[in-house]
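Undergrad: compute the structure for the input listed below.
(one chain, ligands or ions: 2)
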Amino acid sequence: GPVAATPAPSGPVFAGASAETPSDLEARLISAWFGDHQVLQDVSLTMPAGQVTALIGPSGCGKSTFLRILNRMHELVPSATLAGEVLLDGGDIYDTSLSVVEARKRIGMVFQKPNPFPAMSIYDNVLAGLALTGVRADRDRKDFLVETCLTKAGLWNELKDRLRAPGGGLSGGQQQRLCIARSLAVRPRVLLMDEPCSALDPTSTRVIEETMTELAREVTIVIVTHNMQQAQRVSQQCAFFLASQGQPGHIVEYGDTDAMFSEPIDARTFDYVNGRF
Ligand code: ADP
Ligand code: MG
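TA: Numbers count the residues shown, from 1 in each chain. Ligands and ions are numbered 1, 2, ... in the order given. Take a look at the predicted model:
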């Protein structure tokens, strides 16, 4: 018999698909320089839709630079130059037909230090990214979006009675989850997270890890972490970066996370994941 169609949320905010779907992200032969200093060499990595990919490796090996290249953030550094391609569902994010704003809308970023707008209300913080996208939403749509995004970030129950309170008054863990909610409001296909829990206590860290596992159903996640237990808890795929003896940052090995931790191929990976670096 006929199936009653559930009306999909429509209107400007939800133009396009009615449900969020994650995207494949692929880096091909990425090399990067700051001036004359090469920091990445021939980094190729597929970050499959719906998975969490963890980037691990010692400080200075180019993980943050690689993450920034994935959403064109490195363009903010005038001395940065790049070779290679970044493909989102097969489409080049550096294609001149795609604006930087459009690229960053599809590929969101969360940083180590939570950076909500401190004086702005929790409610307005969630919606702050919309202004960039030029999307207009009426009051009902905004309410719906704020509730949806705070729920996805695991914050709705905690904060629903104080949406007008300033974002800066929240705990560190709540601020980071607010930043996740803010990233989600523009409906990204990929979420890049650069050491998102490094500044947080273990309880907040666990809450964010649980959130991540849920989120991965609708947004592809790439996380940089120095916490090997975290990499094993949250990721299905892992890439080990290294820069050594004048060699720019590169991927030593990558693949299934459990396999990489239990039987790494390269001795240097073995040493790193066992804390001997
Ligand atoms: P990681 O995140 O793995 O610690 P980074 O990507 O931050 O590594 O840094 C990789 C290399 O690039 C380092 O040698 C660092 O000093 C250099 N680097 C990072 N950002 C800049 C910048 N804005 N200008 C010049 N050099 C930079
Ligand atoms: Mg870094």
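Undergrad: from now on I want contacts and neighbour counts done on CA atoms only, so please keep to that.
TA: Will do.
Undergrad: from Glu195, how far off is the nearest residue to Ser198 once chain neighbours are set aside?
TA: Excluding the flanking residues, the one nearest Ser198 by CA to CA, 6 or more residues apart in numbering is Gln112, at 6.2 Å. Distance, Gln112 to Glu195, using CA to CA, to the nearest Å: 5 Å.
Undergrad: in stretch 125-145, what counts as buried?
TA: 125-130, 137, 141-142, 145 (16 or more other CA atoms under 10 Å).
Undergrad: got JSON lines for these, with distance to Leu82, secondary structure and pLDDT too?
TA: Listed next are the buried residues of stretch 125-145 as JSON lines, based on distance: CA to CA, whole Å; DSSP: H, G, I helix; E, B strand; the rest coil; pLDDT from 0 to 100:
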{"residue": "Asn125", "distance to Leu82": "33", "secondary structure": "helix", "pLDDT": "97"}
{"residue": "Val126", "distance to Leu82": "32", "secondary structure": "helix", "pLDDT": "96"}
{"residue": "Leu127", "distance to Leu82": "32", "secondary structure": "helix", "pLDDT": "95"}
{"residue": "Ala128", "distance to Leu82": "30", "secondary structure": "helix", "pLDDT": "93"}
{"residue": "Gly129", "distance to Leu82": "27", "secondary structure": "helix", "pLDDT": "85"}
{"residue": "Leu130", "distance to Leu82": "29", "secondary structure": "helix", "pLDDT": "84"}
{"residue": "Ala137", "distance to Leu82": "37", "secondary structure": "coil", "pLDDT": "84"}
{"residue": "Arg141", "distance to Leu82": "40", "secondary structure": "helix", "pLDDT": "91"}
{"residue": "Lys142", "distance to Leu82": "38", "secondary structure": "helix", "pLDDT": "93"}
{"residue": "Leu145", "distance to Leu82": "36", "secondary structure": "helix", "pLDDT": "93"}
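Undergrad: which among those residues gets closest to Gln38?
TA: Nearest to Gln38 among the buried residues of stretch 125-145: Gly129, at 32.8 Å, using CA to CA.
Undergrad: in contact with the closest one, which residues?
TA: 182-183, 185-186 (CA atoms under 8 Å, 6 or more residues apart in numbering).
Undergrad: and the helix or strand that contains Phe66 with ligand 1, contact?
TA: Secondary structure from DSSP states H and E places Phe66 in helix 63-69. Yes: using CA under 6 Å from any ligand atom, helix 63-69 reaches ligand 1 at 63-65.
Undergrad: scan these and report the most crowded one.
TA: Of the residues of helix 63-69 next to ligand 1, Lys63 is surrounded by the most neighbours, 27 neighbours in total, counting by other CA atoms under 10 Å.
Undergrad: what's the distance between that one and Cys238?
TA: Taken as CA to CA, the span from Lys63 to Cys238 is 12 Å.
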